[in-house]
Each structure stands twice: as C-alpha cells, then as structure tokens.
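Engineer: A predicted structure for the sequence below; I have some questions about it.
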Amino acid sequence: MTPSAVLQYLTFLAVVTALVKPVGVYLAWVFGPTPPFHRVLGPVERGLYRLTGVRPEEGMTWSRYATCFIAFSLVGTVLLYLLLRLQHLLPGGPDPKYLTTPMTPDLAMNTAISFSTTTTWQAYAGESTMRYWTQLLGLTGQNFLAGASGLAVGIAFLRGVSADRGQGLGNFWVDVTRALLWVLLPLSLLGALFLVWQGVPMSFAPYRVVTTVEHGRQVIALGPVAALEFIKNLGTNGGGFFNANGAHPFENPTPLTNFVGMLAIAVLPASLTQVLGRMTGRPRQGWMLFGVMVAFFVVGLTICGAAEQAGNPRLAALGVSGPNLEGKEVRFGVAQSVLAAVTTSNGATGSTAATPDSFTPLGVSVPLVNMLLGEIVFGGLGTGIQGMVVVALIAMFIGSLMIGRTPQYLGKTLGPPEMKLVVLYALAAPLAVLLLTALAVATEAGRAALTTNDGPHGLTEILFAHASSAANNGQTMAGLSANSVFWNVTTAAAMVLGRFGLVVPALALAGRMAVQRPRPDSSGTLPSDTLLFGVLLGGSAVLLGALTFLPALALGPIVEHLQLVRRL
C-alpha cells in the first residue's frame, strides 16, 4: 500500500477511536434509566408518550420486546409496500417517461422488506424506478425507523447481558423514540446540511436534459438526495438514491463526503462497546471488544488494499502496470474505495463508492468474508455489538471447557439453555446463505441472473448476493441481474431470516441472562477483558467462519485468485 493510503486509514481509525468514548457516554445517557433532560427534546418526548399512550416506566420481557419489534417492522413493511405499488398516484417528479422499470408486486415486496430490515438491497435503479416522494417518504422514512428499531434492539440486548436479577430489557417504544429523537434525527439534520454544502442536491426540480461536448443528449437525474444520503449511512442502511449509489457524484461528491460518510457508518456501532462497558461497570471489557474489532478492520484493509494496489497480474504480464482502477472513481482512487468497501461490508451498510464486481478476487473476498462473519466489526446499528458478544460467549464457553473453568461471561453463567440460543443465533444466517446459494446455482432461474460471468466469478456473485441479504447489508457485485421473481423472493427470504432469525434468539438470550444475578469473578473464572481472551475471541470468529464457509470460498474467490495469478 502507498504511504498516502496508510495515512488515510490511520486517520480514519484515529478519528473513530477518539469519538468512541464520548459517543458511548452520550448513548448510555440517552438510553439510561433516568430520562434525558433537554428544554426542547424532553417535552417533545413526553408529549409523544402521552399522544401514543406509551408508559415509559413500564418494562418488557424479552418476548414482549421481540413481539413489539416484529409488529413494528411488519407494519412498516406493509405501508411501504402499499406506497410502492401506488406511487404512480403521487405528485411531483420525475417525469413518468423516465421511470422505465415497472414496480411489479414481487419487486415492491422485495424492496419493502429490504428497507424495513435495513438491508436496502436494490434490484432496481432509483432514478428509473422511484418517484421523488416515494424515496423521501417511503425509503428515507424506513431508513430512520428501521435504523432506530435496530439500535433499540441492540440496547435491549446490552441491558439483558449486563442486568441484575429481576431487571427487564426496557421498553421498545421508549427506546425507538429516543433513538429517533436524541440520536438519528439531530445527527441526520446536521449531516444533510453538510452534504448540501458539499454539493449534494436537495430539490424537487425535474430531470435536466443537456447537450454534451460531443453534441449528444444526456439526462441529468436530480431529486431530494441529501435527505436520504446521510441517514442511509448513519442508520447502517445503505440504499442509494441513484443506481451508482455512493459512486454517484450527486450522492458522494468529494473525498471529504466519503470520509464523513464512513464515520457515520462506523462511530455509532463502535461506541456501543463503550455502552456495554458502562452498563456492566467494566470499561476494560468494552475496550477489549473494540480492540478486536479494530484488529479485524486493519487486517481487512491490509489485504484488500494490497490486492487492489497490486493491480491485475494479467495486465502486468502485458506491460501495463499500476493499481486496479477498474470500477473505481478517480476522485476517490484505490485508498478511499478500499476504505469504503471494508467499512460498508463490516457495517451492514450497502453503500458503495466503487463496483465490487471489478475488484480483484482477493480484494472482493474481504467484503464477502466480512459479511459472512456476521459483520461483527463495528457492525450494523445495534446488531454489530450483538454479534460480537455472541462470538465472545462462544469463545468463553470453548476456552472455559478447555481449561476446566466455569463458563461465565460478565458474571452470568453460560449453561445449556444459553448455549442453545447462541448456537441457534450462529447457525441462522449461514443456513440461509448456503442453502439459497445452492438453490440458485442448481436452478435455471437462479443462474439466469448471471448476465456476464460464470465459473468461479459467477459463484462469487451468487454467494455475495445471499451473504449481503442475510447480513442485512444490501450491496451487490453488479454482475447479477436480480430483478426477477426467483431472486426477489429468495433474497427477501434471506433478509427476513437475517433480521428476525437473529434478533429473536438474541433477545431470548438477553432475557435469560437478565434474570441471573451477576456473580463476582473468581479464580475459577476465565477473565474476559484480557489480551489473551481477545486473541481467543478473534480466533473463534475466524474458526467459526472457516468451518462454515471455507468450501464455498474455495470454489469462488480463492480458485479465481489462483487462476489469475497462475493462469490455471
């Protein structure tokens, strides 16, 4: 990697590290037992409770919390589906002649589930499919609501893990309200103003037709882009206003907007490690988890950055040297394209600043592996810390049994009921990814989506699509024509299982741990805040991923890499 790239990566990690503690303190205050106080937001919050009949002091069991979460998501999905199907009745632009992709029932179903699960998988191009008000009311609205519900579930999970006996998981409606009012709305307002300053459009003007220097005709798509752009990153959603997503100059015009967008993705999920430390009274525990995340992040940056900087060996053999710039924006170059790819694939955010399909096999394997590991590095808003803690429980259980000590994490004993829920959580997404990938490869309807590639690269595209859907990420390698009944149904199934198939076991696990009275650590307890346990945690994550996905990776990006470097 070049010195410039290393400097950019170190700067990014330094800023994230500097913001983790103050943001974590703020989140712990917002979601703490004492209601936040503010002259404006405090009365607004209390007014919303009176208007909706919510009793903020009323706690919930894990089952009731999960039921509220599922109901909230279901209502949002149905409303968005209806809006998509009826969008032709909405006023405003763009001109219908530019909307060339029909909003079929299966595409509307897929899109509604996609945005209500923070996946924001897009089997369409926004500028040729969506009306302005559809994007503003439906998609942007779900970016806020789905992101807030994900953060609420993450906070509830942390409460359960750290709670004393008899304490519940909190109140879902209170957590969602505070996530919106105290976190997502104010930050998104500031972020949107920043993007407008940087040149991102925020208008309802019609598309413009201009004459190019070659005297050709080009249509310039416009719209209220800034309203959607920042929350898509902050809420770890990722769906773009335009087909090119973060590579489009109207969504992500400068290296500064790209850098700030990556911070919006990483800082809030990373700061939840500090929330865990404050809730449990064990700050070292939070820093240990954050350190493991940073270590994984650095490894991913190193591998992906080196692979893309080295370029294509086939071109080098022809005397054409240089980095792999295919599919990358010149204003970002290799360094920021790699930073975006690693950050978004770790953060459950499908926003892309380059085309993953044009990455080298070794380069694209990094975002693929990040998603297959469950996006435990920073991760999605609320779901990242949840996944990392589950891996920590697996590491603690294995490590304790190896040395004959009691499996105990944060003072909570890990017995058979807890470990059954952990295993259920760990197997849900891999089952969805592998079974649906096998189904797509084995059927004509699945293979028909491969428009330009077959062989190992085609398998990687199919595996990438299902990994992205199950991880609620949403990015695609772009060599897959996914707008068909088969792909709209199967990717939607992966999104649902990746969202609810993980949240329900996680909340059940938190509920079981919440009823336990914390036990003090003793000589019979394996410490969970040491460097040794951090190594065990990282090794467990790698081993779990390798045992599950290595055969699929060997048939996809690994063999493609060998073909590229050895001309097999």
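Structural biologist: Ah, there it is.
Engineer: CA atoms for contacts and neighbours, from now on please.
Structural biologist: Fine.
Engineer: grab the nearest non-local neighbour of Ala247.
Structural biologist: Take Ala247 and drop its neighbours on the chain: the residue closest to it by C-alpha to C-alpha, 6 or more residues apart in numbering is Ala353, 4.2 Å away.
Engineer: now Gly235
Structural biologist: That would be Gly147: by C-alpha to C-alpha, 6+ apart, it lies 4.5 Å from Gly235.
Engineer: what distance do you get for that neighbour to Leu180?
Structural biologist: 9 Å (C-alpha to C-alpha, to the nearest Å).
Engineer: the two: which is more packed in?
Structural biologist: Each of Gly147 and Leu180 has its neighbours counted (other C-alpha atoms under 10 Å); Gly147 has more, 29 against 21.
Engineer: tell me which element that one falls in.
Structural biologist: helix 140-162 (DSSP states H and E).
Engineer: what does Leu424 give?
Structural biologist: Here Leu424, judged by DSSP H and E, is contained in helix 416-442.
Engineer: in that helix, which of the residues would be classed as buried?
Structural biologist: Within helix 416-442, the residues scored as buried using 16 or more other C-alpha atoms under 10 Å are 418-419, 421-422, 425-426, 428-430, 432-434, 436-437, 440-441.
Engineer: what's the answer for stretch 294-308, then?
Structural biologist: Across stretch 294-308, burial judged by 16+ other C-alpha under 10 Å covers 294, 296-298, 300-308.
Engineer: sec struct for Phe378, please.
Structural biologist: In terms of secondary structure, Phe378 is coil; the call rests on DSSP: H, G, I helix; E, B strand; the rest coil.
Engineer: phi and psi next, for it.
Structural biologist: phi 70, psi -60 (degrees, to the nearest 10).
Engineer: that one contacts Ala270, correct?
Structural biologist: Yes. Phe378 is in contact with Ala270 according to C-alpha atoms under 8 Å; the separation is 4.7 Å.
Engineer: of the buried residues of helix 416-442, closest to Ser540?
Structural biologist: Ala426 (11.9 Å; C-alpha to C-alpha).
Engineer: and the closest one, how far is that from Arg64?
Structural biologist: The spacing between Ala426 and Arg64, counted by C-alpha to C-alpha, is 23 Å.
Engineer: same check on Ala392?
Structural biologist: Using C-alpha to C-alpha, Ala392 is found at 26 Å from Arg64.
Engineer: which one's more surrounded, the two?
Structural biologist: Between Ala392 and Arg64, Ala392 has the larger neighbour count (other C-alpha under 10 Å), namely 22 against 15.
Engineer: list the buried residues for the strand or helix carrying the more buried one?
Structural biologist: Ala392 is part of helix 383-403 when elements are defined by DSSP H and E. Buried residues in helix 383-403, defined by neighbour count with 16+ other C-alpha under 10 Å: 383-397, 399-400.
Engineer: show me the contacts for the most centrally placed residue in the chain.
Structural biologist: Centroid-nearest residue in the chain: Ala348, 0.9 Å away (criterion: C-alpha atoms, centre = their mean). Going by C-alpha atoms under 8 Å, 6 or more residues apart in numbering, Ala348 touches 118-119, 236-238, 371, 375, 379-380, 471-474.
Engineer: swap in Thr437?
Structural biologist: Counting by C-alpha under 8 Å, 6+ apart, Thr437 makes contact with 462-463, 466.
Engineer: so it versus Trp487, what's the distance?
Structural biologist: 11 Å.
Engineer: before we move on, what about Glu326?
Structural biologist: Glu326 sits at a distance of 27 Å from Trp487 (criterion: C-alpha to C-alpha).
Engineer: who has more neighbours, the two?
Structural biologist: Trp487 (24 against 18).
Engineer: and the strand or helix carrying that one, how far out from the chain middle?
Structural biologist: According to DSSP H and E, Trp487 maps onto helix 485-514. Relative to its chain's centre, helix 485-514 lies at 14 Å (C-alpha atoms, centre = their mean, to the nearest Å).
Engineer: tell me the pLDDT of Gly166.
Structural biologist: Gly166 carries a pLDDT value of 62.
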